[in-house]
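J.: Could you look at this predicted model? Sequence included:
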Amino acid sequence: MIRIATIFALLLGLCSTSWADERTQKAIDARQGLLKVVAQYFGPIVGMARGQIPYDPALIEKNAGKVAQLAPMIPDLFAMDTSASGLTSDAKAGIWADYADFSAKAATTTERANALVAATAEGQGATMKAFGALGASCKNCHESYRQK
Ligand code: ASC
């Protein structure tokens with residue numbers, strides 16, 4: 001009887017370990033997916049800034065609006081500290097050491113995405129200036145919190 005109980009306890013331990021890993025991997029997948037969606041909306045504006053695709057302020061307004069909706073989800077999806085999991089990710093542990101700063105950086109991105117939406121009414125110069133500020137907020141957070 002004791003041996004069977006021991007085996008059950010071991011199996012339960014194995015199951016709960018893999019259950020925890022699965023939950024952690026899902027959190028990592030979700031936040032990586034979110035940032036990929038952000039990049040999908042961001043990408044065409046990069047193309048316009050580089051002159052690779054025609055300037056289209058209506059599309060910038062739409063896409064920047066989507067980024068403004070998505071950016072507040074960044075702190076939500078990084079709420080779980082996965083730094084001790086051993087699972088592969090580019091997220092630096094500093095995110096959870098200073099989650100308030102991480103969240104503030106995401107909030108700056110939201111503000112700047114909204115500013116870009118507004119700037120599309122003011123011409124190409126103002127739009128591209130606002131886009132530069134938005135890109136700088138992405139870069140600023142990546143430099144602090146994303147592994148090279
Ligand atoms: C992107 C992308 C980033 C940002 C950053 C802006 O399209 O994938 O990480 O823009 O390069 O500075």
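T.: Arrived safely. As the structure is a computational prediction, the values presented were derived from the model and not from experiment.
J.: rest of the way, CA atoms for contacts and neighbours
T.: Noted.
J.: quick one, what contacts the nearest residue to Lys148 once chain neighbours are set aside?
T.: Leaving aside its chain neighbours, Lys148 sits nearest to Asp90 (7.6 Å; criterion: CA to CA, 6 or more residues apart in numbering). Asp90 makes contacts with 146-148, as judged by CA atoms under 8 Å, 6 or more residues apart in numbering.
J.: I'd like the distance between Asp90 and the ligand.
T.: In this view, Asp90 and the ligand are 12 Å apart by CA to the nearest ligand atom, to the nearest Å.
J.: Got phi/psi on that residue?
T.: Dihedral pair for Asp90: phi -90, psi 0, per degrees, to the nearest 10.
J.: pLDDT weak spots in the chain?
T.: Filtered on pLDDT under 70, the chain yields the residue ranges 1-2.
J.: Tell me the residues on it that lie near the ligand, please.
T.: Residues of the chain lying close to the ligand (CA under 6 Å from any ligand atom) are 39, 42-43, 135-136, 138-139.
J.: any idea which helix is longest in the chain?
T.: If you go by DSSP state H, the chain has its longest helix at helix 2-49.
J.: sorry, back to before: considering the contacts of Asp90, which is situated nearest to the ligand?
T.: Closest approach to the ligand among the contacts of Asp90 (CA to the nearest ligand atom): Arg146, at 9.7 Å.
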